[in-house]
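**Student:** got a sequence here, can you model it:
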Amino acid sequence: MGARHVWPQEGVSRIPYWIYSDPEIYSREQERIFCGPSWNYVALEAELPRPGDFKRTFIGEKPVVVVRDQEGSINVVENRCAHRGVQFCQKHLGSAAEFMCPYHQWTYDLKGNLIGVPFRRGVKKQGGMPADFDPKNHGLRRLKVARRNGVIFASFASQLEPLEKYFGPSMLALFDRVFGGRELRVLGYSRQLTPANWKLMFENIKDPYHASLLHVFLVSFGLFRADQPSKVQMDATGRHGALISWRGDQKKTEDNADMKSLIDNFKLQDSTLLEPVHEFSEYTVVMTTLWPNLIIQQQSNTLAMRQLITRGPAAFELAWTYFGYADDDEDMTRRRLRQANLMGPAGFVSIDDSEVMKFSQSGVAPYPERAGVVEMGGRDWKDEQHMVTESVIRAFYAYYRQVMEI
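**Tutor:** This is a model prediction of the structure:
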């Protein structure tokens with residue numbers, strides 16, 4: 001791959017800048033990560049409550065359609081007509097009895113089987129498909145599908161480990177904490193396009209100690225401080241991770257008197273934004289990252305899926321799905337939506353991340369020969385009982401290097 005594609009000898013405590021902009025690396029990521037033996041998040045079952053309901057989405061850069069068929073099964077098919085490759089589905093969400101390509105009207109059932117080819121027998125005994133043309137051989141490509149407690153994952157790989165084993169015990173426990181069997185209800189969507197490499201998003205959400213520095217809103221109103229009870233967890237492979245914190249005693253001491261959250265003149269005009277109710281056991285905030293494209297957010301009472309969609313080496317799309325539970329009362333639904341103002345493209349907190357990732361991309365792209373330093377908390381990776389660490393980032397890149405063979 002060339003001399004400049006040699007990872008620094010320091011290992012995962014150094015992140016070479018060429019991984020953020022090189023087209024060859026990006027192409028290999030699509031093949032080995034998103035189209036490799038990975039379970040990619042694609043939808044919530046609550047988005048597809050009835051037979052015929054579908055959702056258009058992406059795995060990496062590849063367009064796919066998630067659809068519930070007439071038997072109630074969930075199918076994920078490539079959004080690519082088997083005839084000439086046209087993306088036959090353009091709606092984000094909808095309902096259909098079948099899918100028809102607009103170009104030549106090849107038609108497919110909800111399982112992806114080809115059921116209609118105009119002029120297949122020709123016109124007046126002229127033209128048409130060859131006599132041995134068999135529609136059974138020309139259906140839409142179907143992906144492998146796994147479902148757990150209302151969440152749908154898909155994979156291009158024909159052979160990969162079961163979803164529960166893929167998560168690992170610690171991540172499965174955090175997943176089931178939110179998705180424990182209660183029926184889900186979708187509350188809304190938002191989308192954003194960020195001019196930065198997709199891995200910068202994962203670095204950001206796996207980097208806990210920036211929260212008390214970059215996010216002035218969090219510290220100003222006492223939502224997070226570096227000294228509050230917290231921990232980071234990873235699965236055995238390092239590919240998945242979680243940042244976990246809970247509200248503790250935030251009294252002023254000699255050591256923390258200069259922290260912004262302890263300055264008394266910051267007040268919200270609408271205090272209801274920050275009035276959570278106890279809902280989940282023990283933890284106030286859990287940000288779980290599941291390789292390769294999902295962030296599960298539980299910020300007090302706000303719940304959201306952040307699906308990462310790659311858009312070339314220097315851009316990614318983040319598709320947010322905000323949700324609650326079907327048995328929520330009106331007060332809880334309002335509370336979830338109100339607290340959602342912290343997150344999303346224009347959220348009081350998340351807007352900072354979008355800007356700093358843009359600045360990061362513009363900083364690293366011109367210097368592919370340089371590398372970032374990732375040594376906060378050491379040079380290895382392990383679970384920690386604090387958040388002043390970059391351990392989860394190092395774990396991510398340990399697994400990344402293994403998959404990419406770099």
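**Student:** surely residue 107 meets residue 97?
**Tutor:** No: in this structure, residue 107 is not within contact of residue 97 by Cβ atoms under 8 Å, at 10.1 Å. In short, each C-beta sits where N, CA and C put it, glycine included.
**Student:** more neighbours: the two, which one.
**Tutor:** Set residue 107 next to residue 97 and count neighbours by other Cβ atoms under 10 Å: residue 107 wins out with 17 against 10.
**Student:** ramachandran coordinates for that one?
**Tutor:** For residue 107, the backbone dihedrals (degrees, to the nearest 10) come out as phi -120, psi 140.
**Student:** one more: the one 5 residues further on?
**Tutor:** Here the main-chain torsion angles of residue 112 (degrees, to the nearest 10) amount to phi 100, psi 0.
**Student:** quick one: the strands in the stretch 51-200 of the chain, in order.
**Tutor:** Counting by DSSP state E, counting those that start in this stretch, the segments of the stretch 51-200 of the chain that form strands are 53-59, 62-68, 74-78, 93-95, 99-100, 107-108, 114-116, 144-148, 151-155, 184-194.
**Student:** check which strands are paired with the fifth one and give the direction for each one.
**Tutor:** Looking at strand 99-100 with DSSP bridges, its paired strands and their directions are strand 107-108 (antiparallel).
**Student:** give me the distance from the strand it pairs with to the chain's centre.
**Tutor:** Its chain's C-alpha centre lies 30 Å from the corresponding centre of strand 107-108 when counted by Cα atoms, centre = their mean, to the nearest Å.
**Student:** and what of stretch 186-202?
**Tutor:** For stretch 186-202 - counting by Cα atoms, centre = their mean - the centre lies 8 Å from the chain centre.
**Student:** that's a helix at residue 332, yeah?
**Tutor:** Yes: in this structure, residue 332 lies within a helix as judged by DSSP: H, G, I helix; E, B strand; the rest coil.
**Student:** and the closest residue to residue 103 other than its chain neighbours, what is it in contact with?
**Tutor:** Closest residue to residue 103 in three dimensions, ignoring its sequence neighbours and counting by Cβ to Cβ, 6 or more residues apart in numbering: residue 86, at 4.7 Å. Listed by Cβ atoms under 8 Å, 6 or more residues apart in numbering, the contact partners of residue 86 are 80, 101-103.
**Student:** how many other residues sit next to residue 93?
**Tutor:** Neighbouring residues of residue 93 were enumerated by other Cβ under 10 Å; the total is 15.
**Student:** mind checking how far it is from residue 143?
**Tutor:** Taking Cβ to Cβ, to the nearest Å as the measure, residue 93 and residue 143 are separated by 19 Å.
**Student:** what do you get for residue 316?
**Tutor:** 21 Å.
**Student:** got the domain boundaries for this structure?
**Tutor:** 40-146, 168-404 (automatic domain parsing).
**Student:** ok so, going back, which residues do residue 107 and residue 97 both contact?
**Tutor:** Residues touching both residue 107 and residue 97 do not exist when contact is defined as Cβ under 8 Å, 6+ apart.
**Student:** any regions of this structure where pLDDT drops low?
**Tutor:** Low-confidence segments of the chain, defined by pLDDT under 70, are located at 1-4, 210-226, 248-273, 346-350.
**Student:** can we see that at 90?
**Tutor:** Segments of the chain classed as low confidence (criterion: pLDDT under 90) are 1-5, 181, 208-230, 246-278, 280-284, 299, 338-355, 387-388.
**Student:** tell me, what residue is most central in the chain?
**Tutor:** When Cα atoms, centre = their mean is applied to the chain, the residue found nearest the centroid is residue 294 (2.3 Å).
**Student:** quick one, phi/psi of residue 275?
**Tutor:** phi -110, psi 80.
**Student:** that one contacts residue 334, correct?
**Tutor:** No: applying Cβ under 8 Å, one finds residue 275 not in contact with residue 334, separated by 10.9 Å.
**Student:** quick one: the nearest residue to residue 296 once chain neighbours are set aside from residue 89, how far?
**Tutor:** On the basis of Cβ to Cβ, 6+ apart, the spatially nearest residue to residue 296 that is not a chain neighbour turns out to be residue 288, at 4.3 Å. Relative to residue 89, residue 288 is positioned 30 Å away (Cβ to Cβ).
**Student:** same deal with residue 107?
**Tutor:** When Cβ to Cβ is the yardstick, residue 107 and residue 89 sit 13 Å from each other.
**Student:** can you check which residues contact both of the two?
**Tutor:** Taking Cβ under 8 Å, 6+ apart as the criterion, residue 107 and residue 89 both touch residue 99.
**Student:** hmm, back to that, please tabulate the strands of the stretch 51-200 of the chain in a markdown table, including the columns distance to residue 32.
**Tutor:** Putting the strands of the stretch 51-200 of the chain into a markdown table (distance: least, Cβ to Cβ, whole Å) gives the following:
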| stretch | distance to residue 32 |
| --- | --- |
| strand 53-59 | 13 |
| strand 62-68 | 14 |
| strand 74-78 | 19 |
| strand 93-95 | 30 |
| strand 99-100 | 29 |
| strand 107-108 | 29 |
| strand 114-116 | 30 |
| strand 144-148 | 17 |
| strand 151-155 | 13 |
| strand 184-194 | 23 |
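**Student:** to residue 20, which of those strands lies closest?
**Tutor:** With Cβ to Cβ as the measure, strand 184-194 is the member of these nearest residue 20 (12.8 Å).
**Student:** now the helices for the stretch 301-406 of the chain?
**Tutor:** Assigned by DSSP state H, counting those that start in this stretch, the stretch 301-406 of the chain shows helices spanning 330-339, 350-364, 391-404.
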